[in-house]
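**Q** Here's my sequence, what's the structure:
(one chain, ligands or ions: 1)
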Amino acid sequence: MSHHFINIDSYEKFVKAFHTLSGLDLNFYKENQMKRRINNFMNTHNHKDDYTGFLKTLSQDPKLFDGFFKHLTINVTQFFRDIKLWDIFQDKIIPDLVQKKNNLKLWSAGCSAGQEAYTMAIIMNEYFPNTKYSILGTDIDVNVLKQARLGTYDERDFASTPENILQKYFTLGDRQYQVKDDLKRSMTFQEQNLLTDRFDQGFDFIACRNVVIYFTDDAKDLLYKKFADSLNPGGILFTGSTEHLFGKNHLGLKPVSSFFYQKQ
Ligand SMILES: C[S@@+](CC[C@H](N)C(=O)[O-])C[C@H]1O[C@@H](n2cnc3c(N)ncnc32)[C@H](O)[C@@H]1O
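**A** Just a heads-up that it's a prediction; the model follows:
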């Protein structure tokens with residue numbers, strides 16, 4: 001236990017100390033939103049004290065630290081989230097891609113516990129059984145990745161999932177649903193910070209949805225440039241419903257349908 005803990009009176013200093021503690025640089029995230037989330041967390045966990053006291057507790061309590069990290073990065077998701085957009089993926093995006101290639105490289109960036117990545121795998125299995133594919137799921141939060149690798153989910157994760165799909169690709173265990181092993185075969189889950197880590201290349205499809213909402217404009221610019229660089233020509237970037245790429249023509253990403261952009 002440190003008796004000489006630095007006094008963190010300002011947000012700026014909190015950000016610096018938290019970066020050292022967690023590896024997450026909150027300078028890439030919108031200040032007002034982050035402050036609100038930090039204060040919310042401090043209040044609900046009865047940390048009426050200042051940032052200094054809170055940070056000290058965080059550094060000594062791994063469970064609280066995990067909870068806080070989760071709270072900051074927000075990993076709410078579900079299978080077939082915005083199902084109409086997955087219909088477009090199935091009816092237009094993948095059919096166009098398979099015309100040119102028979103081995104697709106797909107990526108769910110900011111995959112949370114894997115629901116989005118498994119949604120892609122289910123659609124590939126169900127409707128494109130003759131197409132080879134690999135799916136990468138990445139996230140900054142190691143705890144959600146553990147769940148993704150296990151493939152165990154609660155009923156509420158399936159609110160948008162068609163019943164026949166649920167029956168076919170999952171087994172009901174002890175009040176939880178388990179992804180069948182078949183589906184896991186072409187999937188990899190990896191820890192990655194989208195803002196600072198390098199990206200793999202040669203993707204045909206990247207989904208990055210509901211991840212950048214709290215990123216600063218500079219961080220978003222950097223990220224979309226990196227995505228454009230790692231897509232194959234003709235490859236598709238799928239963004240969240242509030243994450244339009246207005247004014248990003250210079251990246252060579254052309255809208256082909258709402259929230260789907262094609263690399264030229
Ligand atoms: C709301 S979830 C989105 C899950 C899924 N893409 C969806 O749309 O349902 C946001 C995820 O982004 C992750 N995330 C936040 N900042 C990140 C970063 N810098 N690098 C990688 N993942 C990040 C969070 O850990 C969280 O799991």
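
**Q** quick one, strands of the stretch 101-250 of the chain?
**A** 103-109, 132-139, 152-153, 170-172, 177-179, 187-191, 203-208, 231-239 (DSSP state E, counting those that start in this stretch).

**Q** Those: which one's closest to the ligand?
**A** Closest to the ligand of those, according to C-beta to the nearest ligand atom: strand 132-139, at 4.8 Å. (C-beta placed from N, C-alpha, C; glycine too.)

**Q** May I see the strands of the stretch 101-250 of the chain organised as CSV, with distance to the ligand and mean neighbour count added?
**A** Formatted as CSV, the strands of the stretch 101-250 of the chain follow (distance: least, C-beta to the nearest ligand atom, whole Å; neighbours: other C-beta atoms under 10 Å):
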stretch, distance to the ligand, mean neighbour count
strand 103-109, 6, 23
strand 132-139, 5, 22
strand 152-153, 13, 20
strand 170-172, 18, 15
strand 177-179, 16, 19
strand 187-191, 9, 17
strand 203-208, 7, 23
strand 231-239, 10, 21
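
**Q** List just the one of those strands that sits closest to Q60.
**A** Each of these has some distance to Q60 by C-beta to C-beta; the shortest is strand 187-191, at 23.6 Å.

**Q** Domain-wise, how is this structure divided?
**A** 11-73, 83-263 (automatic domain parsing).

**Q** show me where pLDDT drops low in the chain?
**A** Scanning the chain for pLDDT under 70 picks out 1-9, 49.

**Q** list the contacts for the residue nearest to the spatial centre of it?
**A** For the chain, the residue nearest the mean C-alpha position is G110 (1.5 Å; C-alpha atoms, centre = their mean). By C-beta atoms under 8 Å, 6 or more residues apart in numbering, G110 lies in contact with 138-140, 194, 208-211.

**Q** ok, 7 Å please
**A** 139, 194, 208, 211 (C-beta atoms under 7 Å, 6 or more residues apart in numbering).

**Q** Quickly note the distance from it to G53.
**A** 31 Å (C-beta to C-beta, to the nearest Å).

**Q** how about the residues of the chain near the ligand?
**A** By C-beta under 6 Å from any ligand atom, the residues of the chain that approach the ligand are 73-77, 81, 110-112, 116, 139-141, 144, 192-195, 209-211, 240.

**Q** got the residue ranges for the helices in the stretch 1-150 of the chain?
**A** 11-22, 31-44, 51-60, 62-73, 83-88, 94-100, 115-127, 142-150 (DSSP state H, counting those that start in this stretch).

**Q** Mean neighbour count, these: which tops it?
**A** Most buried of the helices of the stretch 1-150 of the chain, by mean neighbour count (mean count of other C-beta atoms under 10 Å): helix 115-127, with a mean of 22.

**Q** and that helix, what other elements does it pack with?
**A** strand 103-109, strand 132-139, helix 181-184 (3 or more C-beta pairs under 7 Å, 6 or more residues apart in numbering; DSSP states H and E).

**Q** Give me the contact list for the second one.
**A** To tie it back to what came earlier, the one meant is strand 132-139. 102-112, 114, 117, 120-121, 124, 145, 148, 186-190, 192.
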